[in-house]
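> Make a model of this:
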Amino acid sequence: MINANEIADKRNLISVIINANEVSSNLFSGCTTLTSVTITNNVTSIGTDAFKGCNLASITIPNSVTYLGPGFVAFNDNLNIVNYNGTMNEWNNIVKGKNYLGYTFITTIHCIDGDIAI
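Coordinates of the predicted model:
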């Protein structure tokens, strides 16, 4: 797991690659310069508000993820689609916290076998 205190200065991050087993709650919350996130297949859990208030234009969730915390992408106004590297059935089996998408304009979860309208 990566904790927020392990990242010395996240204010100027633009792009990150996450290769841990868990993205902790609030890890990148408020990182308004962050536009690109690559999440590797090692990640199984994305915590509450992990990417809240960033400036993500896209995010791809690997099919290794089994938990999405509440508001994990809340307040990312440019984010319309979540890409998921698994099937619609696998997406539906992910444990999702209450209001897991938070306040976003996301309309679609794009899976490898089709789209899920939100």
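> Only C-alpha atoms from now on, for both contacts and neighbour counts.
Fine.
> Wait, a helix at Ile61?
No. Secondary structure of Ile61 (DSSP: H, G, I helix; E, B strand; the rest coil): strand, not part of a helix.
> On the pLDDT front, check the closest residue to it other than its chain neighbours for me.
Excluding its sequence neighbours, the residue lying closest to Ile61 (C-alpha to C-alpha, 6 or more residues apart in numbering) is Tyr84, at 4.8 Å. pLDDT for Tyr84: 97.
> Tyr84 - that's part of a strand, no?
Yes. Per three-state DSSP, Tyr84 lies within a strand segment.
> can I assume it is in contact with Gly114?
No. Judged on C-alpha atoms under 8 Å, Tyr84 makes no contact with Gly114 at a distance of 10.1 Å.
> okay, the two: which has more neighbours?
Shown here are Tyr84 and Gly114; by other C-alpha atoms under 10 Å, Tyr84 has more neighbours (21 against 11).
> so what's the more buried one up against?
Contacts of Tyr84 were listed using C-alpha atoms under 8 Å, 6 or more residues apart in numbering, and they are 60-63, 91, 109-112.
> what residue ranges in the protein score low on pLDDT?
For the chain, the stretches with pLDDT under 70 are 1-11.
> Spell out the residue ranges of the strands in it.
With strands called from DSSP state E, the chain shows them at 15-18, 22-23, 36-39, 45-46, 58-62, 67-68, 81-85, 95-96, 108-111, 114-117.
> Packed most tightly, which of the ones you listed would that be?
strand 45-46 (a mean of 24; mean count of other C-alpha atoms under 10 Å).
> Quick check: neighbours of that strand in the sheet, parallel or antiparallel?
strand 22-23 (parallel), strand 67-68 (parallel) (DSSP bridges).
> Same list (the ones you listed) but as TSV, adding distance to Asn41.
TSV is the format used below for these (distance: least, C-alpha to C-alpha, whole Å):
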stretch	distance to Asn41
strand 22-23	11
strand 67-68	13
